[in-house]
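[1] Dropping the sequence and predicted coords here.
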Amino acid sequence: MSALHLNDFSASAREAIASAREAVAALHAELPRNDLVAWTAGNVSARVDLDEGAEQAAAHASENVSGDISGLFVIKPSGVSYDELNAANMVVCTLDGVKVDDDTSIGLSPSSDTAAHAYVYRHMRHVGGVVHTHSSYATSWAARGEAIPCVLTMMADEFGGDIPVGPFALIGDDSIGRGIVETLRASRSKAVLMDRHGPFTIGADAKEAVKAAVLCEEVARTVHFARAYGEPQRIAQHQIDALYARYQNVYGQKDNT
Ligand SMILES: O=C(CO)[C@@H](O)[C@@H](O)COP(=O)(O)O
């Protein structure tokens, strides 16, 4: 099967890919900056939507390519130190997690979590960004297989309720991705704690997924300390709903033009 090459895509698609590579490379710096990773144990990806022309051009150029090329995503190369990441070494993949060749990430393999990110993009069309870390407090809840109860207004704002736990799954095939999707489809949460593994977060774009990873670790830490000195009280569901609606629709600077 011939591999796809970046040159097989239209100029507009290549522009979108270049922009995503810049954004994803920059967002990886947020992981160490927010103390979410030890060494290289975390990754960020962003979906790149292709217009039909771009998709057809790619399909025609590489007639042997099977699988889903209705879109692409960009993810970091596996095991590369965050201070060595840049737009040029971000790896471009099809939605099946197959690397798209180019002239800059030559010889680099995509993240070891590429299959999980790809599964989420194939099965959750509204998701534009995915993040995975092993951040300490969120991962300590995952180690116990315990959901983080919604006892903080910040949890209601950002996650719309508890942060759920997903099933234990080994890396390397679709099982982690399937566990993420099955768990998040049953919740408003942008974060899921994969049992005995760690948090995965989603967002409309990669920046939103990184924000969810930062706030997931923040509330995991706060609730951890709160429970050390007592049993925090859950917020009532109607109040969670009100907080979530305000935060998702009113908070911050909306486009008031
Ligand atoms: O935990 C694991 C691998 O077991 C990964 O999530 C973590 O090391 C990050 O891997 P990558 O550097 O993205 O391949």
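    Alright, I've got the coordinates. Residues are numbered from 1 along each chain as shown.
[2] mean confidence for the longest helix anywhere in the chain?
    Counting by DSSP state H, the longest helix found in the chain is helix 206-228. In this model, helix 206-228 has an average pLDDT of 98.
[3] same for it, what does it pack against?
    Under the contact definition 3 or more CB pairs under 8 Å, 6 or more residues apart in numbering; DSSP states H and E, helix 206-228 sits against helix 11-28, helix 30-33, strand 42-49, strand 129-133, helix 136-144, helix 153-159, strand 191-194, strand 198-203. All C-beta atoms are positioned from the backbone trio N, CA, C, and that covers glycine.
[4] Can you say which of those is nearest to the ligand?
    strand 42-49 (3.8 Å; CB to the nearest ligand atom).
[5] which parts of stretch 109-128 are buried?
    110-111, 113-124, 127-128 (16 or more other CB atoms under 10 Å).
[6] returning to what we had before: got the angle for the longest helix of the chain vs helix 136-144?
    Helix 206-228 runs at 70 degrees relative to helix 136-144, counting by axes from the mean of the first three to the mean of the last three CA atoms, to 10 degrees.
[7] Contacts for helix 206-228 next, please.
    With contacts defined as CB atoms under 8 Å, 6 or more residues apart in numbering, helix 206-228 is touched by 20, 23-24, 27, 30-31, 34-36, 44-46, 127-131, 133, 135-138, 140-141, 148-149, 151-152, 154-155, 158-159, 163, 190-191, 199, 201-203, 232.
[8] Any of these buried? List them.
    Buried among those (16+ other CB under 10 Å): 20, 23-24, 27, 30-31, 34, 36, 44-46, 127-131, 133, 135-138, 141, 148-149, 151-152, 155, 158-159, 163, 190-191, 199, 201-203.
[9] Please compute how far stretch 12-19 lies from its chain's middle.
    Centroid displacement of stretch 12-19 relative to its chain, using CA atoms, centre = their mean, to the nearest Å, is 20 Å.
[10] Could you do stretch 178-193 as well?
    12 Å.
[11] swap in stretch 187-206?
    Averaging C-alpha positions (CA atoms, centre = their mean) puts stretch 187-206 7 Å from its chain's average.
[12] Stretch 166-178 too?
    Centroid separation for stretch 166-178 versus its chain: 14 Å, with CA atoms, centre = their mean.
[13] again with stretch 20-39
    Relative to its chain's centre, stretch 20-39 lies at 12 Å (CA atoms, centre = their mean).
[14] mean confidence score for the next helix or strand after the longest helix of the chain?
    Next helix or strand after helix 206-228 toward the C-terminus (DSSP states H and E): helix 237-249. On average, the pLDDT along helix 237-249 is 97.
[15] Who are the contact partners of the residue lying closest to Tyr247 once chain neighbours are set aside?
    Distances taken as CB to CB, 6 or more residues apart in numbering place Asp157 nearest to Tyr247, at 3.6 Å, with adjacent residues excluded. Taking CB under 8 Å, 6+ apart as the criterion, Asp157 is in contact with Leu243, Tyr244, Arg246, Tyr247, Gln248, Tyr251.
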